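A.B. asks: Starting from these lines, generate the structure:
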Amino acid sequence: MKKLFVVIFILAAGIATTFYLIKTKPQKANKPSQQQVWTVASQTVQLQTLTPQLRLYARVESPSYAHLSTGLTANVQQILVKEGQQVNKGQLLLVLDDAEIQIKIQQYNANLAEIAANIALENNQHQHNKTALTQEKNLLALAEQAQKRAQNLYQQKIGSEAELDKTRQNTETYRLTVNKRQLDLNNHEQRLKQLTANQQQIIALQKLAKLDAMRCQLSAPFTGMVTEINTAVGERVNVSAVLISLYDNQHLELRAQVPDRYVVAFNPHLNIHADVAVKFSRLAGSVQAQKGGLDVLFQLIEAKTPLRLGQFVPLVVDLPAIKNAVAVPYDALYGKNTVYKLVAEAGNGQQLARLTVNIIGERFLGSQKHLLIQSAQLYQNDVLLTTQLPNAINGLIVKSVED
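C.D. replies: Down below sits the predicted model:
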């Protein structure tokens, strides 16, 4: 029993000693918590008169794009150019076989010779008819005199009735001959006009055949570039078949779509930045369906390297200048129209202050694209946040490193 008491006493003394040591342990001083300070990039506001810029991607076009076709059916004899080849105005591009057309021309020549001979025969016959008519009229007069004598003799009971009938028959025969000859003379002009009309018709057909012969040779209508060859030597082509396509590369244009809100700013005095020399030409005559703007056409003045049809050329167009504008990097923008100013804080840092601004355009500084903004609450030498912070809110403590 005495041993149990000793054990209990020792345990109680140990517990009491441990409790005393815990209670009398020195306490650590509590340090005040510190808010995290974010190191950010910033930009000092410089209010300026700045020119918004519009970047366009213009497509190279040509106002003269020709699809050369044939107006006849013939075999391709020669192709003298290749796709992508530069050609000069009037240069021969393709030759068709004109053998069939030359046969037609020979036929028309023979028809014209025949008609010319018939006209000569008609004129000769007309001269003969005039001479013969005089002679036949004389014979008719003699026949009429013979008829009168026979009539007198018959009335005097000297001549017979048979002799009188014979003289009457001769008179009518000569009269019929004279009338026929006179009709031939009267119809001379009509027969001559008919022959002349036939002659003119053959001449017209001959001209068409010669025109077809000329069409067998396709020449370049302007100086330009061949884009397509749609046939081969030996192929028989039909009427209106497109054989060669080419465009005028001496008067190229650039076409770009411009949003509606910028269209009113386009005029011949625009300053345009590009690797090629261009100037504003005109607005498109119509708006294409399902497009949110109007096409603008630029005239190409000079290019360091030849441009091809359909090639895209980047352009940067200066729009009318805006006063009291600030150019900031895109990282300065939060949402659609929010930026943050850096304002002084009681300590060594700065606080963020939310600010709503108007986006008035873009500006390209070298390879970087900047936003142009305006706000009545932006003042000269204000400092703007230019770092994207995921937790940017009003009052956030930051430390700025100005760009």
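A.B. asks: low-confidence ranges in this protein?
C.D. replies: 1-35, 346-348, 402-403 (pLDDT under 70).
A.B. asks: do that again at 50, thanks
C.D. replies: 29, 31-33, 403 (pLDDT under 50).
A.B. asks: Quick check: can you list the domain ranges of it?
C.D. replies: 38-52+321-402, 55-62+252-318, 70-97+216-247, 100-212 (automatic domain parsing).
A.B. asks: partners of the helix or strand encompassing Leu294 in the sheet?
C.D. replies: Assigned by DSSP states H and E, Leu294 falls within strand 293-303. Strand 293-303 pairs in its sheet with strand 253-259 (antiparallel), strand 276-283 (antiparallel), by DSSP bridges.
A.B. asks: Could you check how far that strand is from the centre of its chain?
C.D. replies: Between the centre of strand 293-303 and the centre of its chain there are 12 Å (C-alpha atoms, centre = their mean, to the nearest Å).
A.B. asks: Now the element after it, going C-ward?
C.D. replies: strand 312-318.
A.B. asks: buried set for that next one?
C.D. replies: 313, 315, 317 (16 or more other C-beta atoms under 10 Å). Yep, even glycine has a C-beta here, placed from its N, CA and C like the rest.
A.B. asks: Stretch 296-314 now?
C.D. replies: Per 16+ other C-beta under 10 Å, stretch 296-314 contains these buried residues: 296-298, 300, 307, 309, 313.
A.B. asks: How about stretch 157-169?
C.D. replies: 159, 163-164, 167-168.
A.B. asks: can you count the residues close to Gln190?
C.D. replies: 9 (other C-beta atoms under 10 Å).
A.B. asks: So which elements touch the helix or strand that Ala120 is a member of?
C.D. replies: Here Ala120 sits within helix 99-155, counting by DSSP H and E. Judged by 3 or more C-beta pairs under 8 Å, 6 or more residues apart in numbering; DSSP states H and E, helix 99-155 is in contact with helix 161-186, helix 188-215.
A.B. asks: hmm, back to that, which one of the buried residues of stretch 296-314 is nearest to Thr73?
C.D. replies: For the buried residues of stretch 296-314, the closest approach to Thr73 (C-beta to C-beta) belongs to Leu309, at 30.4 Å.
A.B. asks: Surely that closest one touches Gly84?
C.D. replies: No: counting by C-beta atoms under 8 Å, Leu309 stays clear of Gly84, with 10.8 Å between them.
A.B. asks: what do these two both touch?
C.D. replies: 225, 227 (C-beta atoms under 8 Å, 6 or more residues apart in numbering).
A.B. asks: list the buried ones in stretch 86-104?
C.D. replies: Here stretch 86-104 shows 87, 93-96, 98, 100-101, 104 as buried, counting by 16+ other C-beta under 10 Å.
A.B. asks: now stretch 216-225
C.D. replies: Here stretch 216-225 shows 216, 218, 220, 222-225 as buried, counting by 16+ other C-beta under 10 Å.
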